[in-house]
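[1] predicted structure and sequence below. I'll ask about it afterward.
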Amino acid sequence: MLAKLTWARMENMEGVNYVSQPAPEQATNGAAGLDIRAATSMTLKPGKVSMIPTGWGVELPLGYEMQVRPRSSMAKEGLIIPNSPGTIDSDYRGEICVLMMPLGNKSVTINAGDRIAQAVVCAVADTYNVFGELGKTLRGSGGFGSTGV
């Protein structure tokens, strides 16, 4: 299913020097995600969540969302996206920023242009609410670990 994305450059956040980056794009034809790059250099402190600007906003078609996920190379460096996957809704018109946090006890420097995350565009199911009793299943309300180890 093809989703048309409209990209727009965003204005710099106050006091932040942006370096112009290409819009998020697939690294290869078979890539599921679009590479997202940092628009500025910054040093991330261990255990502290930092917001990294990308310099880009996106308009998604109604019925789609964009999930911001970690890149495996960032996880290898001990960087996580604490709200992963972050969701960008079709009616959001602000700048895409990526929340990141280093694990461990060392600071990590992100340079402008570094690929810091990936964005995956997904169709969203149409939903409607019906109120009443839930159907019975063998599992029932069994939660974490209820189906075995």
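    Received it, and whenever you're ready, just let me know what you need.
[2] for this structure, which segments count as strands?
    6-9, 34-37, 42-44, 50-53, 56-59, 64-70, 79-80, 86-88, 97-102, 108-110, 115-123 (DSSP state E).
[3] partners of the shortest one, with directions?
    For strand 79-80, the paired strands and their directions (DSSP bridges) read strand 97-102 (antiparallel).
[4] name the residues that touch the partner strand?
    Defining contact as CB atoms under 8 Å, 6 or more residues apart in numbering, one finds that strand 97-102 is touched by 36, 38, 44-54, 68, 74, 78-83, 86, 108, 110, 116-117. Just so you know, the C-beta spots here come from the backbone N, C-alpha and C atoms, and that holds for glycine as well.
[5] confidence score at Gly142?
    In this model, Gly142 is scored at 82, pLDDT.
[6] need phi/psi at it.
    phi -60, psi 130 (degrees, to the nearest 10).
[7] and it, how far from Gly94?
    40 Å (CB to CB, to the nearest Å).
[8] ok, now Gly30?
    30 Å.
[9] more neighbours: which of the two?
    Between Gly30 and Gly94, counting by other CB atoms under 10 Å, Gly94 is the more crowded of the two (9 against 6).
[10] nearest residue to that one other than its sequence neighbours?
    Nearest-residue entry for Gly94: Gly57, 6.1 Å, with adjacent residues in sequence omitted and distances by CB to CB, 6 or more residues apart in numbering.
[11] by mean pLDDT, which helix or strand of the chain comes out lowest?
    helix 72-76 (a mean of 86; mean pLDDT, DSSP states H and E).
[12] show me what that helix is packed against.
    Contacts defined by 3 or more CB pairs under 8 Å, 6 or more residues apart in numbering; DSSP states H and E place helix 72-76 against strand 115-123.
[13] list the contacts for the most centrally placed residue in the chain?
    When CA atoms, centre = their mean is applied to the chain, the residue found nearest the centroid is Val68 (1.3 Å). By CB under 8 Å, 6+ apart, the contact set of Val68 is 36, 81, 84-88, 96, 98, 117-119.
[14] thanks a lot, catch you later.
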